[in-house]
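Undergrad: Next comes the sequence, and after it the predicted model I'd like to discuss.
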2 protein chains.
Amino acid sequence: MAAEIAEQPAVLERLLGDPAVRDAAVRLRAARPRFALFAARGTSDHAALYAKYLAEVALGLPAGLVSPSSMTVYDARPDLSGSVFVAVSQSGTSPDLVDSTAAARGLGALTVAVTNAPGSALAEVADLHVDVQAGDERAVAATKSYTAELLALRLLLGPADDRLAALPEAAARVLADDAHLRVADRLAGTARLVTTGRGFSHPTAREAALKLMETSYLAAFAFSAADLLHGPLALLAPDVPVLAVVSPGAGGDSTRSTLARVRETGAPVLVVGPGGDLPVEAAVPEDAMPVLEILPLQRLAWRLAVDAGLDPDRPRGLAKVTRTR
Amino acid sequence: MAAEIAEQPAVLERLLGDPAVRDAAVRLRAARPRFALFAARGTSDHAALYAKYLAEVALGLPAGLVSPSSMTVYDARPDLSGSVFVAVSQSGTSPDLVDSTAAARGLGALTVAVTNAPGSALAEVADLHVDVQAGDERAVAATKSYTAELLALRLLLGPADDRLAALPEAAARVLADDAHLRVADRLAGTARLVTTGRGFSHPTAREAALKLMETSYLAAFAFSAADLLHGPLALLAPDVPVLAVVSPGAGGDSTRSTLARVRETGAPVLVVGPGGDLPVEAAVPEDAMPVLEILPLQRLAWRLAVDAGLDPDRPRGLAKVTRTR
């Protein structure tokens, strides 16, 4: 897991230099979709949530995260003409994603598979395939495939922006900073924590919580900064730290405005972002910051596991590839 | 909270007898929408998730849960012509829901407000208003407004079915059964648990977790039975009980098939459903079972709070009405 975390600047560099993703982006726009659907599981579902925000904000499309069970368990057969259906999966093998993508294609959607496995069943079944080229990922807890999926989806769905070229070097700088060690010390003995963020950084909060759960078995709860105020605020207490992703931009501004309510509960707040406890410089526009913001959180999850005497490469009960129907 | 839980059979009876919801259903179908969007927060977001499954399975529409921030924070202005946009809110007052519904109407959507507040800003701003008529709800933890929202959405989006008339009596029978007391005893001292379900019962798992968090501050994690296998399975252990909603039907069959993997972790499994630890008879079709399945879970949340010396009517840090932008 540590080795794969360290590979990320090179993975981002490779993907930025690949014209294939941009070709897929051109074909997607040429189809002039009227709405966008995303299907994924686990870590890739957080990349899909990021893509949903991109579709809504950058493409101006209504968008939804598909419940694969509607098609694979209940046999729903919606009319998907005029839609784009994007399935995101590291391995490209989970039967529910393969089957729902095949069904979506048959129902009229332009289907796109975003995977780290060009020969996979999912890549084969979709109209377009985007290879995130993260290289073989062996740790059960996905890291480099996640940031590669984020960047691939940004290139596929977002506006062209020369500033994205800054990502590999910015990622290397974030990974050269050992602030996560201080945060790990502060979190030693913590049983429960909350992660939060809004808009583009909401998926970062969700992915951070999953990493902490998978590797350290921490009770890590993720909520959008708005949802947090509608019920889960009751969870907060002085022994429940909050990891808040505060991006530079409108989403971060909104998150910051909720932190006053959070601090009233006595919960310690640790900030991920420019000048934060886990510093992430504003090297790219807000809509690409999730590629950088997750990096110190991946390292934090790894470190907390090691500090607790656990093996982050072998989470209990999990296999690398999960197949669900 | 206990009094409002007990009112639910009467609330369901009242709503079943109201022709206004059926009129709204006729108008919605007459508009022949091509896709469905749902916006909500907190407990109502779980009713919206249920509605999303209904739209996909019963109406055959692609559907999505809106991120209100896309419109209210990032000013996204998607073309929503041909869509139906349904906002669900007990109080009908949260500015992000009111603003995103107004924006959706301006962008061409047929807008529907499902609220417990006919004079609210949300009810006023939408094309159609469905009043769930749950009566004044004063407990912070929503109960009767949730089942009323579920039934209203079932009447709005699902097929006509005479069997729904059985709901009030079936609800009364579930509420007359004190099985939740035995489950509360078994869960005494539990710090962490997982709730799960699939398809129509996935929202039940999510709402149960929120109730347990709000009232007992339990670390309650909800996952769809498929998502559980993609990472969160690592959380499970002999001291982490799993509350599994196993409905009669395809969703329940799918959940049941994952429970073998769950049991391998040593986690105790408690079943909600026909013949389960929290029995809920199969009185209505699977797509209406969520109205009944949440009832023993509401009582369980209340009981665990009282057993722990907490006041379920006054969760720390929460107000009844939350306003987010």
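TA: Arrived safely, thanks for sending. Numbering: from 1, shown residues only, chains lettered A, B, ... in the order given.
Undergrad: which non-adjacent residue is nearest the residue in the stretch 101-250 of chain A that chain B sits nearest to?
TA: In the stretch 101-250 of chain A, the residue that lies nearest chain B is residue A:230 (3.2 Å; C-beta to the nearest C-beta). In short, each C-beta sits where N, CA and C put it, glycine included. Computed as C-beta to C-beta, 6 or more residues apart in numbering or on different chains, the closest residue to residue A:230 that is not its neighbour in sequence is residue B:42, at 3.2 Å.
Undergrad: ok, that neighbour touching residue A:231?
TA: Yes. In terms of C-beta atoms under 8 Å, residue B:42 counts as a neighbour of residue A:231; the distance is 4.7 Å.
Undergrad: Show me whatever sits in contact with both of those two.
TA: residue B:210 (C-beta atoms under 8 Å, 6 or more residues apart in numbering or on different chains).
Undergrad: that older thread, check contacts around the residue nearest to residue A:230.
TA: Residue B:42 touches A:227, A:230, A:231, B:142, B:210, B:322, counting by C-beta under 8 Å, 6+ apart.
Undergrad: mind checking pLDDT for the first one?
TA: Per-residue confidence (pLDDT) for residue A:227: 84.
Undergrad: show me the contacts for the residue lying closest to it once chain neighbours are set aside.
TA: Leaving aside its sequence neighbours, residue A:227 sits nearest to residue B:41 (C-beta to C-beta, 6+ apart; 6.1 Å). Listed by C-beta under 8 Å, 6+ apart, the contact set of residue B:41 reads A:226, A:227, A:230, B:68, B:89, B:94, B:96, B:97, B:322, B:324.
Undergrad: could you pull out the strands for the stretch 201-325 of chain A?
TA: Taking DSSP state E, counting those that start in this stretch to define them, one finds strands in the stretch 201-325 of chain A at A:219-224, A:242-245, A:269-273, A:278-279.
Undergrad: Just the CA coordinates for stretch A:202-222, please, in PDB.
TA: Output of stretch A:202-222 as PDB, limited to C-alpha atoms (Å, rounded to 0.1, in the frame of the first residue of the first chain):
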ATOM      1  CA  HIS A 202     -17.500  15.300  -0.400                       C
ATOM      2  CA  PRO A 203     -16.100  12.200  -2.200                       C
ATOM      3  CA  THR A 204     -12.700  12.800  -0.600                       C
ATOM      4  CA  ALA A 205     -14.400  12.600   2.900                       C
ATOM      5  CA  ARG A 206     -16.100   9.400   1.900                       C
ATOM      6  CA  GLU A 207     -13.000   7.800   0.500                       C
ATOM      7  CA  ALA A 208     -10.900   8.800   3.600                       C
ATOM      8  CA  ALA A 209     -13.500   7.200   5.800                       C
ATOM      9  CA  LEU A 210     -13.400   4.000   3.800                       C
ATOM     10  CA  LYS A 211      -9.600   3.900   3.900                       C
ATOM     11  CA  LEU A 212      -9.600   4.300   7.700                       C
ATOM     12  CA  MET A 213     -12.200   1.600   8.100                       C
ATOM     13  CA  GLU A 214     -10.500  -0.800   5.800                       C
ATOM     14  CA  THR A 215      -7.000  -0.500   7.200                       C
ATOM     15  CA  SER A 216      -7.400   0.500  10.900                       C
ATOM     16  CA  TYR A 217     -11.000  -0.700  11.500                       C
ATOM     17  CA  LEU A 218     -11.700   2.800  12.900                       C
ATOM     18  CA  ALA A 219     -15.400   3.800  13.100                       C
ATOM     19  CA  ALA A 220     -15.000   6.500  10.500                       C
ATOM     20  CA  PHE A 221     -18.200   8.200   9.400                       C
ATOM     21  CA  ALA A 222     -18.400  10.400   6.300                       C
END
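Undergrad: What residues sit buried inside that stretch?
TA: A:202-222 (16 or more other C-beta atoms under 10 Å in any protein chain shown).
Undergrad: From residue B:46, how far off is the residue of the stretch 101-250 of chain A closest to chain B?
TA: For residue A:230, the distance to residue B:46 equals 11 Å [C-beta to C-beta, to the nearest Å].
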